[in-house]
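Peer 1: Sequence first, predicted coordinates after that:
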Amino acid sequence: MSHLAAVCLAKGQPFELQTRPTPKPGPGELLIAAKSVALNPADCIMRDQGLFIPSYPTVIGFDVAGLVLEVGDNVPVNTTDDELGPSFRPGVTRVAGYSASFWRSFDPDYGIFQERCLVPWQHVIPLPDTGISWNEAASLPVSCQVPLNAWDLMGISRIGETPSSSTPAPVRKSDVLLIWGATSSVGSMGVQTARLLCEDPTSSFAAVYATAGAVNMQFVASLGADRVFDYKEPRVVDIIVSAAKVDGLGIRHCFLANGKLELCQAVLKAFVGDNQAGKRQKAMIASAPVIPPGTEMEGIETVFVFPSLEEEERLAQFQYWMGWPRKNLASGAIRPSPELKIVGKGLEAINAGLDMLSRGVSCTKLVVEISE
């Protein structure tokens, strides 16, 4: 059997449609028939600059929604109790998946921009039968994984997971989670997950602050941000710091979804120092964009948001990161965001979609429909 793929032939070249042999899933893998794919800034960088790609030709892409066609060995197929985990039934189970291409040396079988692709079962979100479209589903994997990964890297307890003590002491809610660049897909989901962290009684977070352009501030507030600031305001750093002090809160955790690292550092710097007990307080930034060299700042640790390079640990991470949205979508605690824009149908529309993304979009997630 064979299928069509948007093949990346060389750095800086547009994708070319080619026929590829359809692979068989190995242990722990699913073969997925792609219905929709979402586009990410990293896709543009990889196509145009060859980021991470060791050799050509290959197939890239991160976000896919589709139907499970085949399952490999050691894939759960008969689970019916949600507490026991997901179940994957060929021809039945609808999923949204996050590519494992990076961890497979960019073997083209694992790239998303094709009609059939392989994905580890831990990398997918099993979808409800109704209530979410293929296009909405395609927008979820990266947008959920990145902020959840950011909270883990900053040492923030996972939502709903209580400390090891069976009777945890009351937590004083005195901290702010700052989301910089909240209109991107990862930023908008960052606001939604941060809101849930604030609602967790075991969390010290009391408020979600976010930045956005003036035209999108109301949208970001609707996602759960307590305060939204115009990042284009020349005094935005001073305004954020003043707001936190008026609220009686400290800002020592920031998720940089998009924007300028130095502005995030300037905000956190105002809250770095010794507390009343004389203990040095830490501040952390989890950055979705690659961290430029020479940007270190005393008292503030900045980490690049990326999964573990160790296979077993990564699969365990993804099992949580992809399992979490499954439950919270069903309960209505989160929703796909921001607004979707369908840029075309068929694999041939991906190049034009990435060109559009490269020129810049605001508060919009670009999606390509692959098949019905």
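Peer 2: Yes, it's here.

Peer 1: and Val246, that's in a strand?
Peer 2: No: counting by DSSP: H, G, I helix; E, B strand; the rest coil, Val246 is not found in a strand; it is helix.

Peer 1: what's the neighbour count on it?
Peer 2: 8 (other Cβ atoms under 10 Å). Quick note: C-beta positions are derived from backbone N, CA and C, even for glycine.

Peer 1: same thing with the one 3 residues further on?
Peer 2: Counted with other Cβ under 10 Å, the burial measure for Leu249 works out to 19 neighbours.

Peer 1: check contacts around it.
Peer 2: 174-176, 206-207 (Cβ atoms under 8 Å, 6 or more residues apart in numbering).

Peer 1: try 10 Å
Peer 2: Listed by Cβ atoms under 10 Å, 6 or more residues apart in numbering, the contact partners of Leu249 are 173-176, 205-207, 209, 226, 243, 271.

Peer 1: Could you check how far it is from Pro201?
Peer 2: 17 Å (Cβ to Cβ, to the nearest Å).

Peer 1: Over to Leu177?
Peer 2: As defined by Cβ to Cβ, Leu177 lies at a distance of 16 Å from Pro201.

Peer 1: which of those two has more neighbours?
Peer 2: Set Leu177 next to Pro201 and count neighbours by other Cβ under 10 Å: Leu177 wins out with 30 against 9.

Peer 1: Assumed that one was part of a strand.
Peer 2: Yes: under three-state DSSP, Leu177 sits within a strand.

Peer 1: quick one: what helix or strand has the residue lying closest to it once chain neighbours are set aside in it?
Peer 2: Excluding the flanking residues, the one nearest Leu177 by Cβ to Cβ, 6 or more residues apart in numbering is Ala194, at 4.2 Å. Ala194 is part of helix 185-199 when elements are defined by DSSP states H and E.

Peer 1: What strands line up against the helix or strand following that helix, and which way round?
Peer 2: Remark: after helix 185-199, the chain's next helix or strand is strand 205-212, criterion DSSP H and E. Looking at strand 205-212 with DSSP bridges, its partner strands are strand 175-180 (parallel), strand 227-230 (parallel).

Peer 1: Now do the longest one against helix 185-199, angle only.
Peer 2: In terms of direction (axes from the mean of the first three to the mean of the last three Cα atoms, to 10 degrees), strand 175-180 departs from helix 185-199 by 170 degrees.

Peer 1: Output strand 175-180 as CSV - backbone C-alpha positions only.
Peer 2: Backbone C-alpha positions of strand 175-180 (Å, rounded to 0.1, in the frame of the first residue of the first chain) are rendered in CSV as follows:
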residue,chain,number,x,y,z
ASP,A,175,1.8,33.9,43.6
VAL,A,176,1.0,34.9,40.0
LEU,A,177,1.5,32.8,36.9
LEU,A,178,2.5,35.2,34.0
ILE,A,179,1.7,34.1,30.4
TRP,A,180,3.6,36.2,27.9
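
Peer 1: Figure out which of the strands paired with strand 205-212 is closest to Gln13.
Peer 2: strand 175-180 (33.4 Å; Cβ to Cβ).

Peer 1: Run through the helices of the chain in chain order.
Peer 2: For the chain, the helices defined by DSSP state H cover 41-49, 134-138, 140-153, 185-199, 217-222, 236-247, 261-269, 311-331, 350-359.

Peer 1: Tell me which of the ones you listed lies nearest to Leu69.
Peer 2: Nearest to Leu69 among those is helix 134-138 (14.9 Å), distances taken as Cβ to Cβ.

Peer 1: Comparing the strands paired with strand 205-212, which comes out most buried?
Peer 2: strand 175-180 (a mean of 28; mean count of other Cβ atoms under 10 Å).

Peer 1: where does this structure have low pLDDT?
Peer 2: 79-85, 162-170, 274-280 (pLDDT under 70).

Peer 1: show me the contacts for Arg89.
Peer 2: For Arg89, the contact set (Cβ under 10 Å, 6+ apart) comprises 68, 71, 77-78, 126.

Peer 1: between the helices of the chain, which one is nearest to Ile342?
Peer 2: Closest to Ile342 of the helices of the chain is helix 134-138 (Cβ to Cβ; 6.5 Å).
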